[in-house]
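# sequence plus the predicted model coming up.
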Amino acid sequence: MNPLLRFDGISKSFHGVPVLRDVRFEVGPGRVVGLVGENGAGKSTLMNILGGNLAPDAGEMVLDGAPYSPRTPAGARVAGIGFVHQELNLFPNLTIAENLFLQGFPTGAGLIHRRKTNEAASELLARVGLARSPSTAVGELATGERQLVELARALSFDARLIILDEPTTSLGESDR
């Protein structure tokens, strides 16, 4: 079976200090992979390279058999990479549906189609097991629920690979 993703010799330094040195591993389709290491080991740096937030100094990534080098998070998103950051990236004053579709609302005649937006949001919330109305303000949600909204957003653009950067750090024991 061919890997979905391959890291081949990825290296990264900051101000001359090496953070990643010759990282090599593969992720197969349908697999769950956990990167484990101490603080400062480079886990988040590697995921930020994969997610288009950083560029490697050396090495290459191969996604679905083709060279992959996103220049931006939007480029990673287009390639099917979803990223749920440790620091949640939601707007508390907006609804769940608005947060889910900030990068592309369902529209008709140049206007946001609210009904379709809420229907699509409801489907995504059901997929992640969040029993909330899409019209709920994100500011009303608990931290664990906000993480589920982030996960639903990653699923909203049919991500083939989803990265969870330290997903349990900000959660209480029952949410973990």
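Done, it's in.
# Glu150 contacts Val84, correct?
Yes: in this structure, Glu150 is within contact of Val84 by Cβ atoms under 8 Å, at 4.4 Å. Just so you know, the C-beta spots here come from the backbone N, C-alpha and C atoms, and that holds for glycine as well.
# next one: the most centrally placed residue in the chain from Leu164, what distance?
For the chain, the residue sitting closest to the mean C-alpha position, by Cα atoms, centre = their mean, is Phe83 at 1.1 Å. Look at Phe83 and Leu164: by Cβ to Cβ, to the nearest Å, they are 8 Å apart.
# wait, a strand at the residue nearest to the centre of the chain?
Yes: under DSSP: H, G, I helix; E, B strand; the rest coil, Phe83 sits within a strand.
# in the chain, what residue spans correspond to helices?
Secondary structure of the chain (DSSP state H): helices at 43-50, 73-78, 96-100, 114-128, 143-156.
# so what's the residue nearest to the centre of the chain up against?
Contact analysis of Phe83 by Cβ atoms under 8 Å, 6 or more residues apart in numbering lists Met47, Gly51, Pro73, Ala76, Ala154, Ile162, Ile163, Asp165.
# so which of these is the most crowded?
Sorting those by how many neighbours each has (other Cβ atoms under 10 Å) puts Ala76 first, at 25 neighbours.
# that residue contacts Pro70, doesn't it?
Yes: using Cβ under 8 Å, Ala76 makes contact with Pro70 at a distance of 4.1 Å.
# which secondary structure element of the chain has the lowest mean pLDDT?
Least confident element among the helices and strands of the chain, by mean pLDDT, DSSP states H and E: strand 107-108 (a mean of 62).
# picking up where we left off before, so which of the contacts of Phe83 comes closest to Gln103?
Of all the contacts of Phe83, Gln103 sits closest to Pro73, with 10.1 Å by Cβ to Cβ.
# which of the helices of the chain sits closest to Arg24?
Between Arg24 and the helices of the chain, the tightest spacing by Cβ to Cβ is seen for helix 43-50, at 11.3 Å.
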